[in-house]
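Enquirer: sequence? don't have it. structure:
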């Protein structure tokens, strides 16, 4: 889901925007996504390390993982794998924005009506499912790069594979298993991305709750947008977090790994994880995710709203 790595400054608007507003929304969403990525990526690296079976044993917890990476790999280690989502921010925002708007349009007979919470939920879920086809290969590359800690780099990563960067990861993955290998974990990614439904829904609920009587949600102050975006990010992640852990395990596997040791799919991975590590494994790294979710999504929405206000004049400014 909204890894702010891919991110999401796709705010529902209650009035049909003018043509010029769509491009402004896309530009602001891209800038907001980059801001959220810069704030949240270090904690995403911690989350992925804790979710990965081979690396999780090295760390006693969230803060130990963070401090160990910082000590052994410096700040650069916390930002490993960031190039892949950085490149994808514009593409993902364009896709999410377009698909979310499309699903809203086909549900609403009158575009001037306020959408129901159910319509917002369904549009968010639909946009997340479509987005899966972009985010799956992008996250596969990110996860494998994030899992290359110093010890692994010195002797080659799991299965004897070492990646120099996102494109090198894509090339080697494609060479080993074709396009199917690049889409390893697609169905699990689709399940995980349904969290855009709860995300958009909770964001709208928070916005409505924080809107003073007699005002519109579009007029919320930056501080209230930060609160709504931050808590919506936490709600979205918690709604499908166990699925994200399973996805990480599946995508972290290499095609060079012996077939007998590879997971056959979502349920096979789920059974193996539960049998070997118990229920706790499905929430491994959740602390890092919650720590990251609020500032990451808050930064995304704050920068988004400021960029929108800079590009689109208010009615009073337009008349001046």
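Expert: Right, received. Where do you want to start? Keep in mind it's a predicted model, so treat the numbers as computed, not measured.
Enquirer: So residue 293 belongs to a helix, correct?
Expert: Yes - under DSSP: H, G, I helix; E, B strand; the rest coil, residue 293 sits within a helix.
Enquirer: Next, the contact list for it, please.
Expert: Residues in contact with residue 293, defined by Cβ atoms under 8 Å, 6 or more residues apart in numbering, are 40, 230, 233-234, 236-237. Where C-beta positions appear, they are placed from N, C-alpha and C, glycine not excepted.
Enquirer: Now compare those residues and name the two farthest from each other.
Expert: Greatest spacing in the contacts of residue 293, by Cβ to Cβ: 40 and 236 (13.0 Å).
Enquirer: So if I had to pick from those two, which one is more boxed in?
Expert: Neighbour comparison, residue 40 and residue 236: the larger count goes to residue 40, with 29 against 26 (by other Cβ atoms under 10 Å).
Enquirer: ok, now which ones touch the residue nearest to the more buried one when sequence neighbours are not counted?
Expert: Spatial nearest neighbour of residue 40, excluding adjacent residues (Cβ to Cβ, 6 or more residues apart in numbering): residue 296 at 3.0 Å. With contact set as Cβ under 8 Å, 6+ apart, residue 296 has these partners: 4, 36-37, 39-40, 43, 233.
Enquirer: Could you verify my assumption that residue 50 touches residue 280?
Expert: No - using Cβ atoms under 8 Å, residue 50 is not in contact with residue 280; the gap is 11.4 Å.
Enquirer: Between the two, tell me which one has more neighbours.
Expert: Remark: of residue 50 and residue 280, residue 50 carries more neighbours, 24 against 9, as counted by other Cβ under 10 Å.
Enquirer: Return the distance of that one relative to residue 181.
Expert: 25 Å (Cβ to Cβ, to the nearest Å).
Enquirer: sorry, back to before: output the contacts of residue 293 as CSV; include the columns distance to residue 275, pLDDT and secondary structure.
Expert: As requested, these are exported to CSV (distance: Cβ to Cβ, whole Å; pLDDT from 0 to 100; DSSP: H, G, I helix; E, B strand; the rest coil):
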residue, distance to residue 275, pLDDT, secondary structure
40, 32, 89, helix
230, 36, 85, helix
233, 32, 86, helix
234, 30, 90, helix
236, 29, 89, helix
237, 26, 89, helix
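Enquirer: Residue 121: which element?
Expert: Following DSSP states H and E, one finds residue 121 within helix 117-146.
Enquirer: tell me what that helix is packed against?
Expert: Using 3 or more Cβ pairs under 8 Å, 6 or more residues apart in numbering; DSSP states H and E, the elements in contact with helix 117-146 are helix 19-51, helix 83-107, helix 166-182, helix 186-193, helix 196-210, helix 241-252.
Enquirer: mind listing what the closest residue to residue 193 other than its chain neighbours touches?
Expert: Counting by Cβ to Cβ, 6+ apart, residue 193 lies nearest to residue 128, which is 3.7 Å off, once chain neighbours are set aside. Shown in contact with residue 128 (Cβ under 8 Å, 6+ apart): 1, 96, 193-197.
Enquirer: filter those to the buried ones?
Expert: 1, 96, 193-197 (16 or more other Cβ atoms under 10 Å).
Enquirer: follow-up on the earlier one: make sure I have this right: the residue nearest to residue 40 is in a helix.
Expert: Yes - looking at residue 296 with three-state DSSP, it is inside a helix.
Enquirer: how close does it get to residue 262?
Expert: In terms of Cβ to Cβ, residue 296 sits 32 Å off from residue 262.
Enquirer: And the residue nearest to residue 40, how close does it get to residue 178?
Expert: From residue 296 to residue 178 the distance is 34 Å (Cβ to Cβ).
Enquirer: and what of residue 35?
Expert: 36 Å.
Enquirer: Show me which of the two is the more surrounded one.
Expert: residue 35 (24 against 11).
Enquirer: quick one, what contacts the more buried one?
Expert: Contacts of residue 35 by Cβ under 8 Å, 6+ apart are 299-300, 302-303.
Enquirer: how about TSV for the residues you listed, with pLDDT added?
Expert: Formatted as TSV, those follow (pLDDT from 0 to 100):
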residue	pLDDT
299	82
300	78
302	78
303	83
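Enquirer: top of the residues you listed by neighbour count?
Expert: In the contacts of residue 35, the most neighbours by other Cβ under 10 Å go to residue 300, 32 neighbours.
Enquirer: That residue reaches residue 28, doesn't it?
Expert: No - taking contacts as Cβ under 8 Å, residue 300 lies outside contact range of residue 28: 10.2 Å.
Enquirer: Any regions of the stretch 201-320 of the chain where pLDDT drops low?
Expert: The model of the stretch 201-320 of the chain has pLDDT under 70 over residues 255-261, 313-320.
Enquirer: swap in the stretch 51-200 of the chain?
Expert: Ranges of the stretch 51-200 of the chain meeting pLDDT under 70: 90, 149-161.
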